[in-house]
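Visitor: The following block contains a protein sequence and its predicted model.
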Amino acid sequence: MDIREQAHKMKLASPKMAATSNELRCKALEMVADALLAHREEIFAANHTDLENAKANGISDAVYKRLKFDEGKLSGVIDGIKQLIALSDPIGKVQMKRQLDEGLILQRISCPIGVIGVIFEARPDALVQISTLCIKSGNCAILKGGKETAQTNKVLFSIIHEAAVQAHLPEECLLQAQLHNEIDELLSCEKDVDLLIPRGSNAFVQYIMNNTKIPVMGHADGVCHIYVDADADLEQAIPIILDAKTQYTAACNAVETLLVNRKVAAEFLPKLSAALLAFGVSLRGTKEVLDYIPAEEMGEEEFHTEYLALTASVKLVDNVAEAVDHINRFGSHHTDSILTENEETAAYFMQMVDSAGVYRNCSTRFADGFRYGFGAEVGISTSKLHARGPVGLEGLMTYKYQLFGNGQIVGDYAEGKKQFHFKDL
């Protein structure tokens, strides 16, 4: 049975999944967490195989870190599952209730999107996060992980799916796609798959968007900025920037461009350069930047670059307005931060930057569903429809209208026999 046939079966099962109780879904999550802990050695052995294969293929240290699934990663996903269990049921929330006329009641309630296809990069913990989020939100999910962690993903999926079925969730609640050609099959399932969430390189996400009729939610790149204002606490600024650049360099929320106010450039840039150099970060900057620190000269149009490596771009600006204009032009609308003690300047930045995450005096690395208390995330969306930023439970929900009547017909209202009497309940 190919992916198209399995997706069709999943579509038929999705109303049953949406109708499950929060108690049942939480029980399934508890069983998933217990099963992951019980099978930890099996998971680690599979991951060791993937890591050895990756080493043989000469992967970078940054990518190696993403592939690794150890006790720390396992502990992190278990904590995420516990967070999910503690969250309220996202299904069936009454968002609006209105009387249209006496005995004619309209309400809007939250419901799962249905069948979601998630194609994600080589991070085994992403498979756990995505599948458990979909279970909690009552969605069915088709999961396609990267080939670099094929063995780890296979073991993780088997453990999670078995636990979910043992908890009496529908067998079709989760499906794993393992072959590369199955991606193209998945892209053709527009009648059965309600949403695609791709996570990967810019080129990969663009390929998905250009080769399917299924709605796509995601981000193509993460060109994140930090603006160091004239009124910034410069001592505080350096550890914030170091964290944003070096804590997890290959992440989409790592900072790529540093904008520095000209008034503090002479004092701040040499200290920043020395601190970054100590962590192996190389700098690129405009010709003006080279007057203050050693850096590779770069052109204006190169500020679109997402490095995902120990490299950062630097530019000097006159004020917050110029910084905002640069961010809105060259950024990817992901996450951008201002470092300042000036309330008015901060308020301007927070209002005017058009990004999913706009921060003050903290690292861009906080852009994460787990750190937002969502339990986990299926990805980060830089679009404005249907979800924005880290996509947790709320982003996996939609809504439907329910109308309760007692024999009413539109003809009576069209002919003036009856009138609407709108009243919010």
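Guide: Yep, that arrived. Numbering: from 1, shown residues only.
Visitor: Touching, Arg388 and Ala367? I think so.
Guide: No: applying CB atoms under 8 Å as the test, Arg388 and Ala367 come out as separate, 11.3 Å apart. In this view, the C-beta of every residue, glycine as well, is placed from N, C-alpha and C.
Visitor: Tell me who's in contact with Pro170.
Guide: Listed by CB atoms under 8 Å, 6 or more residues apart in numbering, the contact partners of Pro170 are Ala13, Lys16, Met17, Thr20, Cys140.
Visitor: element containing Ala323?
Guide: helix 320-330 (DSSP states H and E).
Visitor: Check what contacts that helix and list those residues.
Guide: Applying CB under 8 Å, 6+ apart, the contact partners of helix 320-330 are 223, 225, 227, 229, 257, 259, 261, 303-304, 315, 317, 336, 338, 340, 345, 348-349, 352-355.
Visitor: ok, now with 6 Å
Guide: Contacts of helix 320-330 with the rest of the structure, by CB atoms under 6 Å, 6 or more residues apart in numbering, involve 225, 227, 259, 303-304, 317, 336, 345, 348-349, 352-354.
Visitor: who does the helix or strand bottoming out on mean pLDDT in the chain touch, helix- and strand-wise?
Guide: Lowest by mean pLDDT, DSSP states H and E among the helices and strands of the chain is helix 61-67, with a mean of 80. On a contact count with 3 or more CB pairs under 6 Å, 6 or more residues apart in numbering; DSSP states H and E, helix 61-67 meets no helix or strand.
Visitor: just the helices in the stretch 1-150 of the chain please.
Guide: Secondary structure of the stretch 1-150 of the chain by DSSP state H, counting those that start in this stretch: the helices cover 3-18, 22-38, 40-56, 61-67, 71-86, 124-137, 150-166.
Visitor: Compile those into TSV and extend it with columns for mean neighbour count and distance to Arg360.
Guide: Formatted as TSV, the helices of the stretch 1-150 of the chain follow (neighbours: other CB atoms under 10 Å; distance: least, CB to CB, whole Å):
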stretch	mean neighbour count	distance to Arg360
helix 3-18	18	39
helix 22-38	18	34
helix 40-56	16	38
helix 61-67	16	28
helix 71-86	17	25
helix 124-137	26	27
helix 150-166	20	37
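Visitor: Put the alpha carbons of stretch 256-272 into PDB.
Guide: The C-alpha coordinates for stretch 256-272 follow below in PDB (Å, rounded to 0.1, in the frame of the first residue of the first chain):
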ATOM      1  CA  GLU A 256      23.000  35.900  11.700                       C
ATOM      2  CA  THR A 257      23.200  39.700  11.500                       C
ATOM      3  CA  LEU A 258      24.400  42.200  14.200                       C
ATOM      4  CA  LEU A 259      23.300  45.800  13.800                       C
ATOM      5  CA  VAL A 260      25.200  48.200  16.000                       C
ATOM      6  CA  ASN A 261      24.500  51.900  16.600                       C
ATOM      7  CA  ARG A 262      27.300  54.100  15.400                       C
ATOM      8  CA  LYS A 263      27.500  56.000  18.700                       C
ATOM      9  CA  VAL A 264      28.700  52.900  20.500                       C
ATOM     10  CA  ALA A 265      30.700  51.200  17.700                       C
ATOM     11  CA  ALA A 266      34.100  52.400  18.800                       C
ATOM     12  CA  GLU A 267      33.600  51.100  22.300                       C
ATOM     13  CA  PHE A 268      31.600  48.000  21.700                       C
ATOM     14  CA  LEU A 269      32.800  46.400  18.500                       C
ATOM     15  CA  PRO A 270      36.400  45.500  19.600                       C
ATOM     16  CA  LYS A 271      35.000  43.900  22.800                       C
ATOM     17  CA  LEU A 272      32.400  42.000  20.800                       C
END
